[in-house]
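**Q** how would this look folded up:
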Amino acid sequence: MAKAKLNLWKSIPRRQQRIILFVVLGVLGLLVVGGVCLATFAVQYKDKIYPNTFVGDVNLGGKSQTEAAQLLKQKISQLPDKLEVIMTDDSVASINRDDIDLQYDVDKTVQDVYAIGRNRQLGNRLRELFLSFTATNNRTAAYSVNDQTLTDKIEKVTSEVGTKATDAQIILNEDGTLSVSPAKEGKGITKEALKHAIDSNLAIIDLKIEILSSTIKPKVTEDQTGVAVEQVRTILAHAPLTLKAGDVTATADQKKVFSWVVFELKPSEEVTPTPTPSVSPLPDKTTWLIYHVKANDTEVLVANLDTEKVKNFVNNMATNVNHDPTNAQLRVTDGKVTVVTNHSDGQKLKVDDAIPQVITALTTSDDQKGLTISLPVDKIAAEVRADNIESLGIKELIGHGETSFTGSPSNRVHNITTGAGFLTGKLVPKGQDFSTVKTLGAVDGSTGYLPELVIKENRTTPEFGGGLCQVSTTLFRSVLNAGLKVTQRTNHSYRVSYYEPPVGLDATIYLPGPDFRFLNDTPGYILIQSKVEGTKITFDLYGTKDGRTSAISDPVVTNVTDPPAPLYSDTDTLPKGTTKQIERAHQGATAVAIYTVTRDGKEINKQTFRSVYKPWQAQFLVGTKEQ
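**A** Just a heads-up that it's a prediction; the model follows:
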């Protein structure tokens, strides 16, 4: 093999041999010189960054790591407080550095730059050294930002700068005709372009961001609106639309019907002409197409009826249609149940059925103008009627209670009479928990009450409805007499003479609480009937007796406490020398009564009513006003 190579070399002309040797020796010489130069270069920059190395416009070549860090920190300290975004149309926006939490990592940046030319792989190291010697090495700074905040800021900037593109829109004119407003191109920047520009500038420690504005195309052009225009014409051909439900009528004119229309772009291949819409119960939107689409359109605008908008209109109508049934008002006279006020049935608009009915009618491609639609209504029968009172079980008196309000002021008497009137005639279905507060409803001037003293926050103060506790206490005692279960009862803060004797069998109420409640656990309905005569209020409960009997023990009164000494307070509202009592003294006490209900010799309910009353001092106002 060696002999063959030697013969090959001898076969080369002597002149060419000399040239080859000269070239080989030259290359070896260059390699030796280059190696010596690179070695000298490397030794010279042993602890320094190689030359021609830049981060942004900061030249770090020939600097030690400490010097490079100082230069970078100086550059960063001179940065403005805001990123300034400048577009080619001279629009300017800014983003606060602190808002996006911009932080530069100087140490990491210096380490990355110092590593240039010091790569472990010889080939990469020589290449980087060669570039440092012959060209410019541009490197980026290490930094961090709050990505979510920056995304939000970019969203805000791109939405505010430039001019927005305007889509072509279908407009309903005053004369009922339709027109299409022209689309317009906009100028601005995209979120992606701004994000790239910000990232690039932050990497070179430059917060002045110049970015090219781009043309923003509208999403909808006039050429894409033809189908939607014809669809809207089909809808408006039915206006004014009249909806009827029972004896209630609602009308939607062209403007109102047009307000229910929404638009969306759809790929042209998805647009299939159909003669009539297909409506399913409660669709999100109903879309139909009855006109041909241009073959060269990639997307076309289609008109939709927005279910929610139609639903809102129907629901508003339902507020006038819907009403609850009203039971017949009953009274027991001479042992016989009679009807005082006849019942009235209720009704409810079937909204879920009405919505697709309205949509289908509007989107049907006929030319019926002034369309009237009868909407479905459910009738709700009253529970108590003249023809079913025999089945209610109101046969006999099952409970009676009475109290006296002798000495009450006129406003208190008025409120007692008014409150009793709201409760009389009320029916309590079997198994229902009766709430006195809920049944009374609003207690104010609009419901006929007058201001009178009530116990509130450890004092008596005038409020509408003062005296209603006489009503609830009397009802409480009729419930005890009937043997019904008491589910909620609260005694007064101090003893009230109207309810004694006995001590401890009062029931206070106040809106929204406390309340007096009881359970109807009898075989049928209970009719509450009240009466105010003279200075006495009575409650009679009528229903069906089931053999139960009730007993209430004599209250055991303990911890009787005398009231504190009277309190006298000066006031300039009374003439000097005048004294006016505003609070009466009451003894404190604890009263316990046991309530027992039996049937067929077996105890079916037992409750303990424990009432704790505070001692109450008399209070007087002493006049100081000079005559």
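**Q** So what does residue 228 look like in phi/psi?
**A** Residue 228 adopts backbone torsions of phi -60, psi -40, taken as degrees, to the nearest 10.
**Q** Contacts only, for residue 440.
**A** Contact partners of residue 440, counting by Cβ atoms under 8 Å, 6 or more residues apart in numbering, are 419, 422-423, 468, 509, 511. (Each C-beta comes from the backbone N, C-alpha and C, glycine too.)
**Q** Could you do residue 439 as well?
**A** With contacts taken as Cβ under 8 Å, 6+ apart, residue 439 has the following neighbours: 422-423, 426.
**Q** and with 10 Å instead?
**A** Under the criterion of Cβ atoms under 10 Å, 6 or more residues apart in numbering, the contact list for residue 439 reads 419, 422-423, 426, 428, 515, 528.
**Q** go on, residue 106?
**A** Contacts of residue 106 by Cβ under 10 Å, 6+ apart are 55, 68-73, 75-76, 141-143.
**Q** switch to 6 Å and redo it
**A** Residue 106 makes contact with 69, 72-73, according to Cβ atoms under 6 Å, 6 or more residues apart in numbering.
**Q** about what we covered before: select from the contacts of residue 439 every entry located in helices.
**A** In helices, defined here by DSSP state H, the members of those are 419, 422-423.
**Q** And the contacts of residue 440, which of them are buried?
**A** For those, a burial check counting by 16 or more other Cβ atoms under 10 Å picks out 419, 422-423, 468, 509, 511.
**Q** With pLDDT and distance to residue 445 added, can I get these in JSON lines?
**A** Written out in JSON lines, the entries for the buried ones among the contacts of residue 440 read as follows (pLDDT from 0 to 100; distance: Cβ to Cβ, whole Å):
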{"residue": "419", "pLDDT": "94", "distance to residue 445": "14"}
{"residue": "422", "pLDDT": "93", "distance to residue 445": "15"}
{"residue": "423", "pLDDT": "95", "distance to residue 445": "19"}
{"residue": "468", "pLDDT": "91", "distance to residue 445": "14"}
{"residue": "509", "pLDDT": "92", "distance to residue 445": "19"}
{"residue": "511", "pLDDT": "85", "distance to residue 445": "14"}
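**Q** Need the max-distance pair from those.
**A** The two members of the buried ones among the contacts of residue 440 with the most space between them (Cβ to Cβ) are 423 and 511, at 14.6 Å.
**Q** Who are the contact partners of the residue nearest to residue 393 when sequence neighbours are not counted?
**A** The shortest distance from residue 393 to any residue that is not its chain neighbour, by Cβ to Cβ, 6 or more residues apart in numbering, is 1.9 Å, and that residue is residue 524. Listed by Cβ under 6 Å, 6+ apart, the contact set of residue 524 reads 392-393, 430, 543-544.
**Q** now do 7 Å
**A** Taking Cβ atoms under 7 Å, 6 or more residues apart in numbering as the criterion, residue 524 is in contact with 392-394, 430, 543-544.
**Q** got it, and residue 245?
**A** Contact analysis of residue 245 by Cβ under 7 Å, 6+ apart lists 317, 321, 349, 375, 377.
**Q** low-confidence ranges in the stretch 401-550 of the chain?
**A** 452-463, 465 (pLDDT under 70).
**Q** what are the ranges of the strands in it?
**A** Under the criterion DSSP state E, counting those that start in this stretch, the stretch 401-550 of the chain contains strands at 427-428, 433-435, 451-456, 459-464, 485-488, 517-519, 526-533, 536-543, 548-552.
**Q** export those to TSV and tack on mean neighbour count?
**A** Converted to TSV, those look like this (neighbours: other Cβ atoms under 10 Å):
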stretch	mean neighbour count
strand 427-428	21
strand 433-435	17
strand 451-456	18
strand 459-464	15
strand 485-488	16
strand 517-519	21
strand 526-533	20
strand 536-543	22
strand 548-552	15
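**Q** Residue 589 is nearest to which of these?
**A** In this view, those are compared for proximity to residue 589 by Cβ to Cβ, and strand 451-456 is the closest at 15.8 Å.
**Q** which is the next helix or strand following the helix or strand containing residue 130?
**A** Taking DSSP states H and E as the criterion, the element that holds residue 130 is helix 122-134. Sequence order places strand 137-139 as the next helix or strand after helix 122-134, per DSSP H and E.
**Q** Mind giving me the packing neighbours of that following strand?
**A** Strand 137-139 is packed against strand 53-55, with contacts defined by 3 or more Cβ pairs under 7 Å, 6 or more residues apart in numbering; DSSP states H and E.
**Q** Sheet-wise, list the partners of the strand it packs on with their directions.
**A** Based on DSSP bridges, the pairing partners of strand 53-55 within the sheet are strand 58-59 (antiparallel), strand 137-139 (parallel).
**Q** which one of these has the lowest average pLDDT?
**A** Between the strands paired with strand 53-55, the one with the least mean pLDDT is strand 137-139; it has a mean of 86.
**Q** Pull the residues that contact that one.
**A** Residues lying outside strand 137-139 but in contact with it, judged by Cβ under 7 Å, 6+ apart, are 52-55, 112-113, 116, 131.
**Q** quick check, nearest of these to residue 568?
**A** residue 55 (87.1 Å).
**Q** Now that residue 235 has come up, it's in contact with residue 261, right?
**A** Yes - taking contact to mean Cβ atoms under 7 Å, the distance of 6.4 Å between residue 235 and residue 261 places them in contact.
**Q** helix/strand/coil for residue 61?
**A** For residue 61, the secondary-structure state derived from DSSP: H, G, I helix; E, B strand; the rest coil is coil.
**Q** for the stretch 201-350 of the chain, what spans make up the strands?
**A** 208-211, 214-216, 241-245, 248-252, 261-267, 285-287, 299-306, 329-333, 336-341, 346-349.
**Q** go on, the stretch 1-150 of the chain?
**A** Assigned strands in the stretch 1-150 of the chain, in chain order: 53-55, 58-59, 82-87, 92-96, 103-104, 137-139, 143-144 (criterion: DSSP E, counting those that start in this stretch).
**Q** now the ones you listed as a markdown table including mean neighbour count and distance to residue 325?
**A** What follows is these, written out as a markdown table (neighbours: other Cβ atoms under 10 Å; distance: least, Cβ to Cβ, whole Å):
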| stretch | mean neighbour count | distance to residue 325 |
| --- | --- | --- |
| strand 53-55 | 22 | 82 |
| strand 58-59 | 18 | 85 |
| strand 82-87 | 19 | 66 |
| strand 92-96 | 16 | 63 |
| strand 103-104 | 15 | 70 |
| strand 137-139 | 17 | 83 |
| strand 143-144 | 14 | 68 |
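**Q** so which of the ones you listed gets nearest residue 485?
**A** Nearest to residue 485 among the strands of the stretch 1-150 of the chain is strand 92-96; the distance by Cβ to Cβ comes to 67.9 Å.
**Q** Within its sheet, name the partner strands of that closest one and how each one runs.
**A** With DSSP bridges as the criterion, the sheet partners recorded for strand 92-96 are strand 82-87 (antiparallel).
**Q** got the contact list for the partner strand?
**A** Residues outside strand 82-87 that contact it (Cβ under 7 Å, 6+ apart) are 92-97, 157, 161-162, 189, 194, 198, 207-211, 213.
**Q** ok, now stretch 182-200?
**A** Taking contacts as Cβ under 7 Å, 6+ apart, the residues outside stretch 182-200 that touch it are 83, 85, 87, 89, 154-155, 157-158, 161-168, 209, 211, 213-218, 220-222.
**Q** and residue 536, which of the strands of the stretch 1-150 of the chain is closest to it?
**A** Proximity to residue 536, assessed across the strands of the stretch 1-150 of the chain by Cβ to Cβ, is greatest for strand 92-96 (78.4 Å).
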